[in-house]
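K.L.:
Everything below, folded, please.
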Amino acid sequence: MRLLLLSNSTLHGQAYLAHAREAIEEHVPRGATLAFVPYALADHDAYTAKVADALGPLGVAVRGAHAGGDPNAVVAQADAVFVGGGNTFRLLRALQRTGLLDTIRDRVRAGVPYLGSSAGTNVACPTIRTTNDMPIVEPNGFAALGLVPFQINAHFLDADAASTHMGETREERLEQFLEENDVPVLAMREGAWLRVGDGSADLGGTTASRLLRRGEAPVELPPGTDVGGLLQTPARYDA
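P.N.:
Predicted coordinates for the structure are as follows:
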């Protein structure tokens, strides 16, 4: 499988996908037809047009999965798949209802490049249990694509020592997840991404990520870190 999983699609001060342009250009071949899955946001046409504007200069033809009546046919005929960000619960429910979970999984396992950002990165995991999003809709369970065998937390935020907010920090919420589930969590700050291919995995971007495991101290992982070992790590949910 070939995966490029972005923590975010827009970095402060830059245009949509601009911060990952070179990585995307390496990942999606020039001349490719890309199926864009827009279901994490409500306006599918506008979202697809935004992606087309960003990827057109890279020589990539973008087609919305929602266009043409059968999203599975759009994905089946594409050279690459991009699942965009937004609300992860809304995205997963749409993937379930359209049958795209199986179609995308099969295509990616057959070698079609997969690009995900934010919610699109969340659904590449076995479940969406480590999303930050509000459950604005109710999907039929939390099981997702399972393209990687561990969990990712996109848009990871460090605790602000100067803040008077008394709720849990992001890290505390992930530690609560680990109390119930024995599976690594790769917490990616904005500006970070994960590349997977040929049995290897490494971090890229401009910011460090953080690896959390049950019963262990969190570990900082700078860009360029080889995290291929996570692809072989067993995971136990509800354990």
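K.L.:
Pull the contacting residues for residue 118.
P.N.:
Contacts were defined as CB atoms under 8 Å, 6 or more residues apart in numbering; by that measure residue 118 touches 6-9, 40, 84-86, 88, 154-155. To be clear about C-beta, it is placed using only N, CA and C from the backbone, and glycine gets the same treatment.
K.L.:
That one and residue 190: what is the separation?
P.N.:
Between residue 118 and residue 190 the computed distance is 9 Å (CB to CB, to the nearest Å).
K.L.:
hang on, the earlier thing: please, a PyMOL command that selects the buried ones among the contacts of residue 118?
P.N.:
A single PyMOL command is used to select the members of the contacts of residue 118 judged buried by 16 or more other CB atoms under 10 Å:
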select buried, resi 6+7+8+9+40+84+85+86+88+154+155
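K.L.:
mind checking how far residue 107 is from residue 7?
P.N.:
When distance is defined by CB to CB, residue 107 is 23 Å away from residue 7.
K.L.:
cool, and residue 46?
P.N.:
Relative to residue 7, residue 46 is positioned 23 Å away (criterion: CB to CB).
K.L.:
now do residue 137
P.N.:
Separation of residue 137 from residue 7 (CB to CB) stands at 23 Å.
K.L.:
One more: residue 211?
P.N.:
Residue 211 sits 14 Å away from residue 7, going by CB to CB.
K.L.:
Would you mind listing where this protein has pLDDT under the threshold?
P.N.:
166 (pLDDT under 70).
K.L.:
does the residue lying farthest from the centre of the chain sit in a helix or strand, and which one?
P.N.:
In terms of distance from the mean C-alpha position of the chain, residue 164 ranks first, at 30.8 Å (CA atoms, centre = their mean). Taking DSSP states H and E as the criterion, no element holds residue 164; it sits outside all helices and strands.
K.L.:
Which residues are in contact with it?
P.N.:
Residue 164 is in contact with no residue at all, counting by CB under 8 Å, 6+ apart.
K.L.:
can you pull out the strands in this protein?
P.N.:
Per DSSP state E, the chain carries strands over the ranges 2-6, 33-37, 61-64, 80-83, 114-117, 151-156, 185-189, 192-197, 200-205, 209-212, 219-221.
K.L.:
Which among those is found nearest to residue 235?
P.N.:
Using CB to CB as the criterion, the shortest distance between residue 235 and the strands of the chain is 8.0 Å, found for strand 151-156.
K.L.:
same for that closest one, what does it pack against?
P.N.:
The criterion is 3 or more CB pairs under 8 Å, 6 or more residues apart in numbering; DSSP states H and E, and the helices and strands that strand 151-156 contacts are helix 119-122, helix 170-180, strand 185-189.
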